[in-house]
Every structure is written in structure tokens, then in C-alpha cells.
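Undergrad: how would this look folded up:
(2 chains)
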Amino acid sequence: MFETLYKAGELTAMAKALYQEERQIKRLDGWFIAKETEMQMDAKYAHCAPEVKKAHLLCEVLQHIPLSLSDNAVFVGTQRDAFAKSYALINPSFTVEGFSGYCDPMAIYNDIEPNDTFPAERIDTVRQFTAKTKMVEMLNKTYGEAENYTKEVVFFVEQVTGHVIPDFRFALKRGVDAMIAEASTKEGEFYEAAAVALGGVKVLAERYIALIGEQKKTCSAKRKEQLDLLEQTLKNIAGKGAENLYEAIQLYLLLWEIMCLEQAPNPYAFSVGNADRIFEPYRKELSREQASELFKHFLVFYNVGDRSWAISQNVLISGRDMAGNDLTNTMSYAILDAYYDMNLPQPILSVKLHKNTPEKLYEEMGKFFFSAGVLTPSLFNDDALFTVLKNNGVDEADIPDYSVAGCQEPLIMGKDNGNTTNSWLSLPKVLEMVLLGGRSAITGEPLMETEPYTLETLREVFYRTLDKVCNEMTEAANGASVALSELKVPFLSCFMGGLEYGADMRDTQKQGTKYNGSGCLVHGLTVLADSFVAIDAFAKKYPDGKDLLIAAIKNNFEGYEELREFLLSCPKFGNNIEAVDNEAREIALKVSALLRSKKNYLGNPFRPDFSSPSTHLTYGYWVGATPDGRKSRDMLGYGVDPLYGEAANGLGFRMLSNMKLPFEEFNGGYASHLGIDPKYFTGDSYEKKGVQFYENIVKPLFFNAFQQGVSPFYLYVNVTTPDTLRKVLANPQKYAPSGVYIMRIHGTFVNFLDLSPEIQQDIITRLDLKSTSIGC
Amino acid sequence: MKIFAKGFNFGQDGPGNRLVYHLAGCNMHCPWCSNPEGMAVTGGENCTVEQIVAECKSCLPMLFGGGGITFTGGEATLQVEELLQVLEELQEAGIHTAIETNGTARRLPEVAAHVDYLIMDFKHFDSERLRQVTGVGNEQLRQNYEYFCRSGRQLHIRIPLINGFNADDPVGFASYFAGQDTANVCFEFLPYHEYGKDKWQAPYTVTDGFVSAAQVEAFQNTFADYKLKTINT
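TA: Below you'll find the predicted structure:
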């Protein structure tokens, strides 16, 4: 038993040492070895059906990938071999103008630096092989056809890897043998593939057992005991499932490693789901402290390399059931303890709340919100989200299992392929198309054909144009999904309902998951609302002024400063002003309905997701001046939030505007961020501040008796000030001696010090003191 | 009604979360004022009583924790007719009301009748000293204080502690206050700060206004000796 092997504090010390070892890793080559192995073994399985071939190739990768095991490791397993160093936001070379999306399947080969072991020719061989695959050909065709729309981001599409929540609970309970047995009783290529892929668990476990055997020959007596336990655990769990928390975590990590390797090099944004509910049944007699120490090793696993490259992995805790009973348990608190003590950049922590969430949970969250540089959980409102999911066809039995794919998109664990980031839409760019007759304000290039309009007919022409754009967008998005379906994922599919439905979860002909949809991330809601309202005011003042407005926009207001002042003085979203708040609501309703009317590759609706994971910067860069007075290439509003600088009357008014949006429509999710100035929270302990945070932020926003319709259901915060962050940047040794200063950006944690300068600046900018003020 | 700023705060200007309106214009000119932009009667945005009441009603979701609306300034009572109208309508709508005032208005008792929570500054017990520094003496202020004490209504007295002006004579304050019935009165000390210093367009003349912990403690102890209830918001 692990609890007799490790004395109190020892596991924590090992977890911290293990994380420090991980931070030293500068190269990530495992994904390349995986791709190379697949290439080398491709001919061997050429006769197999595509799913079966992929399952065999996965097992080959599991046979060939180099394994290692640190002396500080309590569990075997790593995600390191599945990820490349490519995620833009934490890449120091990221720039707003240089961002071209992370959808090019070949770009990854530029991320591996040639060296003696991986010379340029070796890399190039795999590159050439990949370039000739059907998936790449199909994807290139899709992008080629949509290029006019995507090059300045009227819309954007991508093939979605990762971004679901596997349900490992059955495997933990019964073992993969039971699943293999089930697959073996059924006929068809998918089931054949499933049995082979699930067999990979034993392949990997046996290789780790062999490695342990080697290490035992030379290790200390104490380490030998630890390795004995690990070896025995691997023998127990690979087929039969887990009996206790140690075994459950080990099996979970093994499954996760294989799942990620199957999608190397970009299995981003897989999420765990409610880890507290998954692991509590295995905790048994372990105390909160013991469970917490063990869970710290679980957390370290999710950090890859020197910048924790495996990003947007979400762990949830707490929440309620359908009857409203709170589901917080001892494991929830053990997980909180582990997070606080480790304070790692990954995985992300989210907390599900509801009106009966115990005060103790808010007390315990206080230390997260009010310790500088410590991660803060994102917050979900179960009471509201349950309604949204129910209205969108999710069965009641499945609703409490909703989880978060990546940042904030709600999906049902093990049952929902939401294809979440499949399409991306820039509303202000569509407005630009209408206003300028389909020509770009940035480059002057013709991008699409549009209708004539007057200032009076502008809205209707806009919505007709948007419909046309959405048709093009969804066609391209579906093209990307079909291309991706060439890359089968039989292993993952087994944990997504594949054994029930008999199909790969990426299958575009037969639905392999209970729920399916495709996402569309909608950008620039509030810029569009502000623009419409400003145009109305402009039309009143200058009834024949259309040409004047267009000239001003084309010239980025240079020479039209007075007009810009007028436009800027018009009402702006975020200040509790009825006209513009209603406009934003109306746009959100119309855009949501429009997107939901478009069908994905399986005939299921697109899901509106009003979020912008730093793309409010990159897409803003491609939008010219807008009629609200925003200048060319400035950022768009983040998610559903007011544009920076426009919510000048403080947090209270911002929240009131926000609460008028039609959250019931946002079944794809949405993003909203509040900067919180810690000085307004005066409790003399973290616990008291946590309760104040509930009273002053969470309760009014999520559980407000005056709310009409569905309440907001998502929020993330940064509790700090621009001044503090500038100090951290100027003197990291003083303010972040560990080298880690966690902030939130979009739905994910990031080490603030790891970010590119432009993203650092965005975080600072959006802490805009006027809009975050809760004092007057 | 002329308003130069508005926003929410929690528990600082009355109970719960409050929408605070800063009304333009002030009859005093305190050299430490943290809202100097509100001194001129001519500044601010002009809003009708209807607009203000409608806005307050639209803010109901944010008036949580027993919160409501607070009018401050400048000096809110300079716009007494409109203030009275707004307060009456808010009370009719069941919305909690508060004002923060310098206490020098003759019609303050009339206003206070429509106010659920009354905050009154009391900057100096010595009328001449107060007049010398702020331009207004304390005769009316004292009358109002004594009236409210007699009436037994809730009253929250705020004393800004400014070194070199009023921070060295706690007994002068306490002995005056204790001469009245203070059963429903609480007192709060506001140590000098310079949050508004950068907003001054005219030269900022306070040079040594910060008070020491000992000075604040002397006030706390003296008020305790006189059985005066103190609070901290």
C-alpha cells in the first residue's frame, strides 16, 4: 500500500521535484517518433480497414516509443510524447500579425529543430509522407476553396483534434479486458479496431513493467519497494481495473497517455471531467491529505516540457445532480489542496457552482482568488447550464456529467463530440464586407460579393450577408471535419460511446457518439452592437451621410477626428444602457438561431459559442475601422465582454449589461472575463474573502433573483491590477521567485512569464481599471 | 440633476451593494477633497429625475446585500429640490436610499426624512477653524447633528482626520458629540489619503496631511472613553 511506503510530505516533495525536472525539458521529440513509426509501419497494415490499421499503428507506437521513469515518479506515464512545442499563446515568438491559426497539419514539422538525432533529412522524410496523405490533400482543398474568406478572417475553419472528454469510469471499474471482451462479441471493422487499440493498454503496461524491472536492479532498497508497488499495480490494473485511489490514478494516466499518443502531435484540450466524482469511489479510507498528495502527481502529469505545452486540459470539481443535491465530496477538497500547493500552469481547474453550493467551498476558494500569482478556478453555474443543455436535447441522466472541452465549451463526458472549434466567425468583418461592398478595409482586396444598402437597410442586408457567409463557413468547416475523419481514433472512440454505436467518433457517415454537433466561435458581438447603435445615431445626424461614414472608415478616421469623437460618444455596451444592451441581445439571438439552422457533416446543428481565445486580438488585426469609433486593427471585444475602455462606469454596470444577454442560446458556450481589484475585498482571512467573493461577484451574477431568463453560466477572473502585473514583468525574481506566476487567459491557466509580450499586454489591457472598478 | 460620476460600491456608503451618484457642486472647498472635479456646480451630466429613477430601477439586480442608492457629491443637498423628488420616488419603489452630506444644509432634516441611511461628515468642532479651511462654519452642521440626535434617527458621522487641521484634539470632538443623545449615532474616522490628488487642477495645498497610527488610536480611545460607538467601513 502506498500510504505505508511514503511518509507524509514525501509524495509532495517528489511531485515538486518531478515538475522541476519537466520544466528542464527543452525538446519534445516523442510526437515525431510516433509519426515516424506510423510511417514506417504503414505498409505492414496496408491491407487493413482504416480503423483497424490505425489501431495497429497505435500499438506499434506503444511498442516503439522510448520510455523513461524518473526516480521522483510515483506513477508511470507521460503526455510528453504526444505534444509538439507549437501552441501559439505560450510560444514566445507569437505575434498578433503573424498568427495564422494552428490548423496547418504540416506546420508542426517546422517546430522540431534538427539536431544529430533528428537531422533535417529524417524530419523531411516524415514531412513528405504526411504531405501526401489523403487528409492533408482534402484539407488543403478545403482551405483553397475558402481562402478568400479565411485570409482576412471573415471566417476561419479548422479540423478539431482533442477537445472532448473521455469517460474512463467503466475502464477504471472493470478494466479494459471487459471492454475488449465486449468488442470481441460484436462484428464490424470498428469493433475489430477497438479490440486491437484497447489491447494497447497491456502493451504499454508491460513495457513499463520491463523498465521497472531494469531500474530495480540498480536502485536503492527504498526505491525498490516503491517500484515493487508500481509493478504490481500495473499488473493488477491493465486488464482488471482499479481497487483503490493509487491504482485508479495509475490506470487513468495510462489510458490518457495512449489517448494522446493516438492523436499526436496535437491532442489539445482533452479534459478530465469531474475528477472528484471519478476518483472519490476509490479514495476509501484515505484522508483528504493523503488523497491530495497523491493527486499532486496526477497534476504534474498534465504539464509537458519547459512551458507546460499540453494546454487547455480541464479538471472540474463539485456541482449538483438533477435534483439539486450538492455533489461536493472529500476528493473535491483534496483536489483543491493539491492545486493550491502545486500552483502549476496545467491542468486548468474549474468549479461547478449552484445555489446550494456549501459556503465551505467558497471559503476554500478564497486562497486561490486572493493569493497573488496563484491559479484561479473558472466558475460554472450548474443551475443555468442544466437548463441550457436540457433545452438543447441532452437527456436528464447525462446533464450532471457535463464537462468542459478545453476552455469553456460544455460537453457531456464520454458522449458528446462537439467538434467545438470547427468554425470561427468575425461579425465585425462581415459588417466591413457590407459597408465596403465586399472589399477589405485593410488591403482593399475584393473578398466577396455583397448587396447594395442604405443606412436604413443596413441591418437587414447585414443579416442576409451573414447568412451567406455562414453557408460558406459551414461548408468549409464540414470539409475540414471530413478531412480529419481520415485520421481514425479507435482508442478514444471506445471511451466516447463507440462500443455502443459501433463507429469511430470522427466518422462522418455514422454517428459514433450519443451527441454530436459542430462549434462556431462568434467574435465581435459587442463591437457590432456598438457599431449598429452608432450608425443609427449617425444616420439621425447625417441622413445622407453614408459616403461620409464610408470615407471615414476607409481612412481609419484620419481627417475625420470629429466624426470619430461623435461615434465614440454614442452609447456603448457594458454601461447598462438599454438601447445598446438590447442591440447586443438581439444580435446574439439572431446569430445563434442562424448558426443553429446550419448543419454539420452528420446533419446536426452548429452550436454558437461566443468566445474568442485570444482571437479577439488576431481577428481584430484583420478588421478595419468600425462605426463605433474603434480604429483599424484594434482588438475586438473579448467573448461577450464590452470592448476594452468602453465600460467606463465600473463592474456593476458591466455585469448588468452582461446579464441581459440570451444565455439560453449559448449552448456552444461563451467567454467572459472580469478583472477584479483585490483591494475591494476586506475580509481578514482567505476564507472570509472567499465568501465576500461569493456575495459580491458570484451570487449577483449567477444566482440573482432579478435575472430574467437563464442566468450567466461561465466566468473567469483575474484578481490583480495592471500595476501589479507590470511589477511582475519588471522584476520576476522578486514577484515570482519560482518562475511561475499563474494568470488566466481565456479558459486556460498560463504562466504569465511564459507568454508572448503581446498576450501579456492583452491581459494587462483588459484589467482596465475603469471597467473593473467596484468602488466609486 | 447634475451628476459628475456614478458607480457601484459595496458597504462603503451605506449598507450592501450601492449605486452611488456623485452630484455636482459643493459649498465647501476642502483642500484634501478627493473629488475636486465635483466642486463646480456647472460640471457633470444633466439628467432628469425620471432618468435617474429609471436607471436605479434597472440596477435592482445589483443592489444586493441590503443595498440601494446613495447620493453624494460634491454636496448632494445643493440640488435639494430634485434630490427630494428622486428620494421620494425611490422610497415609493421600495428602494433603499442613503445620502452622504457635509451636513451644512438648512433643509437637511427635510431631505433626511426620505433617507433610510444618513451619513454626515463632521470635519471640525471649531466653527472658525472649519470656516478658515473650508469656507463654511459649523453652525448649521451642529444644529443638524443636534436635531438628528434628538429625533433619535440613525446617523453615521464621518470625521476625516487631517494632520495639522483636526487630528490632535479628539477630546474637542468627543466632548461635543457626547453632549447629545447618541444612542443611534455611530462614528467613523477617515484617515487622510491622497487618492484624489492627481485630479486637482488648482494647486494641491495639503503638504503634511497624513495622520499617524497613534493619532487614530487616540481618537478611538477617546471616543471609547466617551461611550461613543465607532465603526469602520
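
Undergrad: A:Leu230 contacts A:Ile212, correct?
TA: Yes - A:Leu230 is within contact range of A:Ile212, at 5.9 Å (criterion: C-beta atoms under 8 Å). No exception for glycine: its C-beta is placed from N, CA and C like everyone else's.

Undergrad: Next, give phi and psi for the closest residue to chain B within the stretch 51-200 of chain A.
TA: Distances between the stretch 51-200 of chain A and chain B by C-beta to the nearest C-beta are smallest at A:Val96, namely 31.9 Å. Main-chain dihedrals, A:Val96, degrees, to the nearest 10: phi -60, psi -40.

Undergrad: need the contact list for it.
TA: By C-beta atoms under 8 Å, 6 or more residues apart in numbering or on different chains, the residues touching A:Val96 are A:617-618, A:621, A:758.

Undergrad: From these, which shows the smallest pLDDT?
TA: The member of these with the lowest pLDDT is A:Glu758, at 82.

Undergrad: ok, that residue to B:Gly179 distance?
TA: Remark: distance between A:Glu758 and B:Gly179 (C-beta to C-beta, to the nearest Å) = 64 Å.

Undergrad: neighbour-wise, which of those two wins?
TA: Taking other C-beta atoms under 10 Å in any protein chain shown, A:Glu758 and B:Gly179 do not tie; A:Glu758 has more neighbours (17 against 12).

Undergrad: before we move on, which element is the more buried one in?
TA: Counting by DSSP states H and E, the element that carries A:Glu758 is helix A:757-765.

Undergrad: ok, how many other residues are close to A:Arg459?
TA: As a burial measure, A:Arg459 scores 18 neighbours (other C-beta under 10 Å).

Undergrad: Kindly apply the preceding question to A:Leu455 instead.
TA: A:Leu455 has 18 neighbouring residues, counting by other C-beta under 10 Å.

Undergrad: what about it, distance to A:Ala537?
TA: In terms of C-beta to C-beta, A:Leu455 sits 11 Å off from A:Ala537.

Undergrad: buried residues in the helix holding A:Glu758?
TA: Residues A:758-760, A:762-764 are the ones in helix A:757-765 that count as buried (16 or more other C-beta atoms under 10 Å in any protein chain shown).

Undergrad: now do stretch A:125-134
TA: Within stretch A:125-134, the residues that count as buried by 16+ other C-beta under 10 Å are A:126-127, A:130, A:133.

Undergrad: Over to stretch A:502-514?
TA: A:502-508, A:511-514.

Undergrad: Equivalent analysis for stretch A:487-500, please.
TA: Of the residues in stretch A:487-500, A:487-499 count as buried by neighbour count, 16+ other C-beta under 10 Å.

Undergrad: cool, and stretch A:220-230?
TA: Residues A:224, A:226-227, A:229-230 are the ones in stretch A:220-230 that count as buried (16+ other C-beta under 10 Å).

Undergrad: Now do the spatially closest residue to A:Tyr45 that is not a sequence neighbour against A:Cys260, distance only.
TA: The shortest distance from A:Tyr45 to any residue other than its chain neighbours is 4.2 Å, reached at A:Lys53 (C-beta to C-beta, 6 or more residues apart in numbering or on different chains). To A:Cys260, A:Lys53 is 19 Å away according to C-beta to C-beta.

Undergrad: For these two, indicate the residue with more neighbours.
TA: Higher neighbour count among A:Lys53 and A:Cys260: A:Cys260, with 28 against 22, using other C-beta under 10 Å.

Undergrad: In this structure the more buried one contacts A:Phe270, no?
TA: Yes - the criterion here is C-beta under 8 Å, and A:Cys260 meets it with A:Phe270 at 7.0 Å.

Undergrad: picking up where we left off before, pretty sure the residue nearest to A:Tyr45 is touching A:Lys44, no?
TA: No - taking contacts as C-beta under 8 Å, A:Lys53 lies outside contact range of A:Lys44: 9.1 Å.

Undergrad: Nearest to chain A: which residue in chain B?
TA: For chain B, the residue closest to chain A is B:Phe8, as judged by C-beta to the nearest C-beta, at 3.0 Å.

Undergrad: Find the nearest non-adjacent residue to that residue, please.
TA: Using C-beta to C-beta, 6+ apart and skipping residues adjacent in sequence, the residue nearest B:Phe8 is A:Gly652, 3.0 Å away.

Undergrad: need the contact list for that neighbour.
TA: Residues near A:Gly652 by C-beta under 8 Å, 6+ apart: A:774, B:7-8, B:17, B:19, B:59, B:62.

Undergrad: now with 7 Å?
TA: A:774, B:7-8, B:19, B:62 (C-beta atoms under 7 Å, 6 or more residues apart in numbering or on different chains).

Undergrad: returning to that earlier point: can you tell me the helix or strand for the residue of chain B closest to chain A?
TA: Assigned by DSSP H and E, B:Phe8 belongs to strand B:2-10.

Undergrad: so how far is that strand from its chain's centroid?
TA: Centre-to-centre, strand B:2-10 and its host chain are 14 Å apart (C-alpha atoms, centre = their mean, to the nearest Å).

Undergrad: what pairs with that strand, and is each one parallel or antiparallel?
TA: The strands beside strand B:2-10 in its sheet (DSSP bridges) come out as strand B:17-23 (antiparallel), strand B:45-46 (antiparallel).

Undergrad: For those, which has the smallest mean pLDDT value?
TA: Taking the mean pLDDT of the strands paired with strand B:2-10, strand B:45-46 comes last: a mean of 92.

Undergrad: tell me which residues in whichever helix or strand comes after it are buried?
TA: The helix or strand immediately downstream of strand B:45-46 is helix B:49-58, counting by DSSP H and E. Judged by neighbour count using 16+ other C-beta under 10 Å, the buried positions of helix B:49-58 are B:49, B:52-53, B:55-56, B:58.
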